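Colleague: Based on what follows, work out the 3D shape:
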Amino acid sequence: MPPVVFVGPGGSIQNGVNQVDPYGTVIVAAGVYNENVTVNKPGVQLHGAQYGIDARQRLYPVTESIINGTVSLMEQKTVIDGFTVQNVVGNAGIFTSATFSGYWVFNNIVQNNTIGIYLNSADGTFTQVKQNVVRSNRRPGAASGNGIYSDQGLRNAVIRDNFLTGHDPVNAAGINIAPVTQNAASRIWITDNLLFVDSSIALTNTTVTAVSRNRLILNVGASAIFFGGGTSFTDIEGNMIQNNSRGISVTTAFSPTGTENLEIRINHNNIQGNTLAGLQVGNNTYSGILDATNNFWGSASGPSGMGPGTGDAIINNDPDTTILFVPFLTDPIATVPSEGPNEESPNES
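Modeller: Residues are numbered from 1 along each chain as shown. Okay, here's the model as predicted:
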C-alpha cells in the first residue's frame, strides 16, 4: 500500500483511506464529497485543501474540501486537518473513538450537523482540537445543539483556539464535557477559545480540568461556564466572561447521583455585564470553600449580592459553602498566560 494517496474531485475519500498505508496520508483536493468516512488504520492523516490554514481565517470559504457526512476517527493517532464537514443529521460531523487517543482535529469548519465534534479519547497520547470553526450544529438527533461534546470519556485532551457560535443555549453547550461516570474525563485543557453568541462551557463528572484565557461573550440564555455536578479540581483562570445571562453557575443538574462539585478555583477573570449573576452556587451543589478571589466583577466597588459593590452579583444558595471573593480587583485585567502540555506529533510518543 502507498504512503500517500491523492483523492481528486469525484473520487472517494474512503477509498483513499482503504488504499493508504498505516501512518500514511490521504490528500484530498477541493470539491464536494457526499460520503461518510471511517479512518480505521493507525496514524492515518486526512489533509484537505485548507490543510494547515486556521479555519478562523476562512469564515466564508471558497476553496474547500467539503464532506457532507460524518468523519469517524477510529484508530490511534489519526488526524483530520483542513476540511469543511457539514450537513449531518442524527450524528456528529467529526467523531473520535473513546478506545484510542492522540487524535488531531485541526483547521476544520464543522457546521450544520446534529453535533459538531463528538470528542472522546482514552489515556495515552494527547488529543488536540485546535483552530476549528464550530458553528450552528443544531440539526435533529440525540445530543443536538452541542458544538464539542463528550460523554464516553475524555483523557489528556487540549481544546484550544477554536471559534464556536450558534449552538443551543438551553439544552446543550458550546463545549460540553459530560461523561456518565465520574472522573471519566480528566486532564483537560480548555483554553484560548472564543464562544460568541453561543452556549456554555459545561463540565460534569470531570477532574483536573483547566478553563483558561477563553472569551465567553453574549451567550444569552445560558451560563458562560456551567458545572453540572461531580466535578473536582477545576481551575477557572484568565477568562473574559462578559454580557452573558450568568457568568458561572455551580449546579448538580446533570449528575445522576446529585454528586456535589468540589475544589473549584476561580481567579484572575474579568466577570462583567452578566445580567442574572456573575457567580451563582445552587443549594447542595458544592462541598467546601470556593476560592473566587482576585477577579474583576465589573465595578471597582466589587461584586454585588454577597459583596459590597455594584458589580456582577455573587449568589450563594448553599448554606454549607463558603465563597471567598476578597480581595477583588478594582480594574479589569488582561488574561493571563495558561500552561498546557507540549504539542507533539500524533505519530510520536
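Colleague: all contacts plus neighbour counts: C-alpha atoms, from now on.
Modeller: OK.
Colleague: quick one, helices of the stretch 201-349 of the chain?
Modeller: Secondary structure of the stretch 201-349 of the chain (DSSP state H, counting those that start in this stretch): no helices located.
Colleague: these two touch, right, residue 263 and residue 285?
Modeller: No. The criterion here is Cα atoms under 8 Å, and residue 263 misses it with residue 285 at 11.9 Å.
Colleague: more neighbours, these two?
Modeller: Just comparing residue 263 and residue 285: by other Cα atoms under 10 Å the higher neighbour count belongs to residue 285, 24 against 18.
Colleague: OK, contacts around that one?
Modeller: By Cα atoms under 8 Å, 6 or more residues apart in numbering, residue 285 lies in contact with 229, 250-252, 258-261, 318.
Colleague: before we move on, what about residue 152?
Modeller: Contacts for residue 152 (Cα under 8 Å, 6+ apart) come out as 98, 120, 179-180, 184.
Colleague: that's a helix at it, yeah?
Modeller: No. With DSSP: H, G, I helix; E, B strand; the rest coil as the criterion, residue 152 is coil rather than part of a helix.
Colleague: Distance check, it against residue 121.
Modeller: The spacing between residue 152 and residue 121, counted by Cα to Cα, to the nearest Å, is 8 Å.
Colleague: who touches both of those two?
Modeller: residue 98.
Colleague: bridging residues for residue 28?
Modeller: residue 7 (DSSP bridges).
Colleague: what's the burial count for it?
Modeller: Neighbour tally, residue 28, other Cα under 10 Å: 27.
Colleague: Just the pLDDT at it, thanks.
Modeller: We have a pLDDT of 98 for residue 28.
Colleague: Make 13 the first number, not 1, from now on.
Modeller: Okay, residue one is now 13; in that scheme the one you just asked about reads as residue 40.
Colleague: State the number of residues packed around residue 72.
Modeller: Neighbour count for residue 72, taken as other Cα under 10 Å: 9.
Colleague: In this structure, where is pLDDT below threshold?
Modeller: The model of the chain has pLDDT under 70 over residues 73, 347-361.
Colleague: Name the residue closest to the centre of it, please.
Modeller: Closest to where the C-alpha atoms of the chain average out (Cα atoms, centre = their mean) is residue 187, at 3.6 Å.
Colleague: who touches that residue in this structure?
Modeller: By Cα under 8 Å, 6+ apart, residue 187 lies in contact with 158-161, 211-214.
Colleague: what does residue 77 give?
Modeller: So residue 77 contacts 40-45, 60-62, 94-96 (Cα under 8 Å, 6+ apart).
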